[in-house]
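Asks: show me the folded form of this:
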Amino acid sequence: MLILTLLTVFQGPVVGPAFPAGSSGHFQRACLAVEDDLEAGRFSAAEAKLARYPTPALTIEWDDRKVPVSRKNEFAKARDKAIAAWKDAIDGLNVQIVKGGRAKITFADALPENADSIGPAGAVFIQSADQGDPWIEAVISLHRGTQRTTSESADVYNEVGYMIGAYFGLERGPHTGSFMGRHDEVSRWTLAPLEIDIHVIRDNLKILNTLRTAAKKHLRMIPGRPHLVINPSELKLDPVVQGQPVRVSMSVSNQGTGILNYRIVPDCGCFNLQYESSIKPGDSKLVVVQINTLDFPGDLHKVLTVQSNDLESSRRAIPVSLLVEPKYRFLRTSSGPVYLVPKQGGQFDLLLDIEQRRPFSVKAAQIDGLHATLTYEPWSGLAPDYEMGTPAKARTGYKFHIALTEEISTGRLPLTLVVDTDDPIFSHIRQSFYIQRGIVALPSSVYFGEVGKEPARATAYLSRPDQPFNILRAVSDTKFFKAAIEPMPGKGEYKLIISYLGNGDFGDLEGTIKVMTDDPEQPEIAVPVRAVVH
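Replies: Residues are numbered from 1 along each chain as shown. You can find the predicted model right below:
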C-alpha cells in the first residue's frame, strides 16, 4: 500500500487493480463504479458504495416460509453444509443467518425457464449493488425439471453453494464439478469449491481492500478496462479419422487500457490448451488447442468457456465442432442403457462396427466381470447406433455372443469386453457395459447416517430401463419412516422418497420400505433403511 501511496503522490492517479479471470461481470461492474468515483475525487461516494460490498463477514437472510414444515430442518441442514464447505475454503469466512442479510435465500413452488435452461429453472439469482437491496438474492424452486420432480437437499446444498460463490464475485462456469457449474436439472451428486475458484475469491477480496484503502486515504485511481478480442470466435474443424492429431490456434488480443486476465475452461477432457493467461494492452497472443481424437470419436459439439476481466465479456462461449470418424464402434443390440437378462441362461450380443476404409481383424477376446462363455464371428448387416442416436445402416465387423454361465441375482452388474486386434494403434480395445436382472433399487439400501429428533429425508431410484412397470404403493414396516414415489423422465424409472419422521429411539434405527409393483415376477421390492439416532 506504501507503493500505491507513493505512486499517487509523485505520479498522480494509478490504474486500478486488474480483476482475476473468473470474477463475474457484476463484481467487476460494481468495483469499476467505485474506481470511477476515485478518479473523480468522490471519495465519500466510493466509501458509501464499498460499505455495501462483500466482506468475509457474510450475513444471509433465510426465508423458508414456502417450504413444507416437514422439510424445513432438512433444507436448513443442507444450507449449513454448503456454508461449511466454503468456510473450509475461505480463511476468515464468518457466516450468520440474520434478518436483512447481505444475501437472501427464498423459495418458490416453481420457476419459469432460465435463458440457458431446458425446462423450468432450478433457481434464479438476482444481483444488485443498489442501496437497500441484497447483494445477491437466490430463489430456489421446490420442484425441478419438466417432470416437476421434488427438490432434494442436494439441490438446496448446490444452489446455496453457488450463491455464496457468486456473492464473492465468481462467474458461473461450465459443469466441472464446481459449485459455480450449477445446472437446473435434478442433482444426482453434490458439488464443491474448486481450488481455482478459491484463488479468485481471495484476489477479489484483496481488490476490495485496495479500493477501501484508496477511498479512505483519498487516493485517485483510473479504472483499467481491458477489451478481449478472440479470432476466430468459433472453431468449425474439418473431419478427421479417430486417432488423427488435431492442432489449431486462436488469436487473443487486448484492445483495452488495462491488463487482460483470462482463462479457458473446456467442457471435455478431450482438450489440451496452451496459452499465456495475461496480456498487456495492445498485445496479442496465440492459444494452441489440441484435441484428443483417439479416445473421443463421433460428432463432437463442445464448448470452450472463456472467463476474463473484460467487463463486457466476463464469460464467453467458443463453440467447437469436429467430426471424428470412428475407426470402430461397439453397438448395443438393445435401446436401453443396460442389457436386461433373465435369472438363468442370460444371453446377449454386442456388435463391433469397423470402419472398412481402415479395417482391422480381431485376434482374441474375453469377458471380465462374471462367468460367461464368449464366442465371436465376422458379421455384417443393418444396425442402429443407439448411443450416438443414429439410425440403422449397413455395417461390417464382428458379433460377440455372450452367454452367462452362472445364476444372476436381482441387481445391476458391470461387465467388460476386452478385444485384441492387429491394429498398431488400437491393439487392445475395451467396452464396459451393465447387465441387469429385474427391477433394481439404486442404491439397494438407504443409510441416513446420524439423525436427531428432527425429520430427515433420503432418496433412491427404482429402475428397469425401457421395460416400463407401475408402482402400486410403497409402505414402511416402522412408524419412523414413510415412503413416497415420483416418476422420473423416460421409461422405467421412479424416485423413491424416504422420510424419517423424527423422534426415533436412540441408537440404531432400522426398517424396510416395501414397494409393491404390477410385475408378477417382482410384486414386492424390499429396500432396507437404517439410521443412527443420537
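Asks: shaky segments in the stretch 401-534 of the chain?
Replies: Counting by pLDDT under 70, the stretch 401-534 of the chain shows no low-confidence range.
Asks: run through the helices of it in chain order.
Replies: Taking DSSP state H, counting those that start in this stretch as the criterion, the stretch 401-534 of the chain carries no helices.
Asks: run through the strands of it in chain order.
Replies: Secondary structure of the stretch 401-534 of the chain by DSSP state E, counting those that start in this stretch: the strands cover 411-421, 428-437, 440-442, 446-451, 456-463, 471-476, 481-487, 493-500, 507-517, 524-533.
Asks: which strands and helices sit next to the last one?
Replies: For strand 524-533, the helices and strands in contact under the criterion 3 or more CB pairs under 8 Å, 6 or more residues apart in numbering; DSSP states H and E are strand 446-451, strand 456-463, strand 493-500, strand 507-517. Quick note: C-beta positions are derived from backbone N, CA and C, even for glycine.
Asks: what's the distance between residue 59 and residue 95?
Replies: In this view, residue 59 and residue 95 are 8 Å apart by CB to CB, to the nearest Å.
Asks: and what of residue 358?
Replies: Counting by CB to CB - residue 358 and residue 95 are separated by 58 Å.
Asks: picking up where we left off before, out of the helices and strands packed on strand 524-533, nearest to residue 52?
Replies: Of all those, it is strand 456-463 that lies closest to residue 52, at 36.7 Å by CB to CB.
Asks: rewinding a little: ok, residue 358 and residue 95, which is more surrounded?
Replies: The neighbour count for residue 358 versus residue 95, taken as other CB atoms under 10 Å, is higher for residue 95 (21 against 15).
Asks: tell me the contacts of that one?
Replies: Neighbouring residues of residue 95 by CB atoms under 8 Å, 6 or more residues apart in numbering: 58, 59, 60, 83, 86, 87, 164.
Asks: please flag which of those sit within strands.
Replies: Among these, the members falling in strands (DSSP state E) are 58, 59, 60.
Asks: just confirm the last one contacts residue 94, I think it does.
Replies: When you say that, I think you mean residue 60. No - the criterion here is CB atoms under 8 Å, and residue 60 misses it with residue 94 at 11.3 Å.
Asks: more crowded one of those two?
Replies: More neighbours surround residue 60 than the other of residue 60 and residue 94, with 22 against 11 (other CB under 10 Å).
Asks: okay, the more buried one and residue 120: tell me how far apart.
Replies: From residue 60 over to residue 120 the distance is 24 Å, taken as CB to CB.
Asks: could you do residue 216 as well?
Replies: In terms of CB to CB, residue 216 sits 46 Å off from residue 120.
Asks: quick one: which of the contacts of residue 95 is most hemmed in?
Replies: Neighbour counts for those, by other CB under 10 Å, peak at residue 164, which reaches 27 neighbours.
Asks: which residue comes closest to it once chain neighbours are left out?
Replies: residue 86 (5.0 Å; CB to CB, 6 or more residues apart in numbering).
Asks: wait, residue 41 sits on residue 219?
Replies: No - taking CB under 8 Å as the definition, residue 41 is not a contact partner of residue 219, at 10.2 Å.
Asks: low-confidence ranges in this protein?
Replies: Residue ranges of the chain with pLDDT under 70: 1-12, 116-117.
Asks: point to the residue nearest the middle of it.
Replies: Centroid-nearest residue in the chain: residue 175, 3.7 Å away (criterion: CA atoms, centre = their mean).
Asks: which residues does it contact?
Replies: Here residue 175 is in contact with 181, 183, 267 (criterion: CB under 8 Å, 6+ apart).
Asks: now it: how far from residue 308?
Replies: Distance from residue 175 to residue 308, by CB to CB: 20 Å.
Asks: just residue 496 next, same as before
Replies: 45 Å.
Asks: ok, now residue 277?
Replies: Using CB to CB, one obtains 10 Å as the distance from residue 277 to residue 308.
Asks: anything in contact with each of these two?
Replies: Listed contacts common to residue 277 and residue 308 are 21, 261, 262, 263; contacts here mean CB under 8 Å, 6+ apart.
Asks: does the last one touch residue 277 like I think?
Replies: Okay, so that is residue 263. Yes - counting by CB under 8 Å, residue 263 touches residue 277, with 5.7 Å between them.
Asks: find residues that contact each of those two.
Replies: Each of residue 21 lies in contact with both residue 263 and residue 277 under the rule CB under 8 Å, 6+ apart.
Asks: hang on, the earlier thing: tell me the one of the ones in strands among the contacts of residue 95 nearest residue 286?
Replies: Residue 286 lies nearest to residue 58 out of the ones in strands among the contacts of residue 95, by CB to CB, at 40.5 Å.
Asks: that older thread, out of the ones in strands among the contacts of residue 95, which comes closest to residue 318?
Replies: Among the ones in strands among the contacts of residue 95, residue 58 lies closest to residue 318 (CB to CB), at 33.6 Å.
Asks: what's the separation between the closest one and residue 192?
Replies: From residue 58 over to residue 192 (counting by CB to CB), the distance is 18 Å.
Asks: residue 156 now?
Replies: Taken as CB to CB, the span from residue 156 to residue 192 is 15 Å.
Asks: just residue 411 next, same as before
Replies: As judged by CB to CB, residue 411 and residue 192 stand 30 Å apart.
Asks: where along the stretch 51-200 of the chain do the helices fall?
Replies: Ranges of helices in the stretch 51-200 of the chain, per DSSP H, counting those that start in this stretch, are 72-89, 153-167, 195-216.
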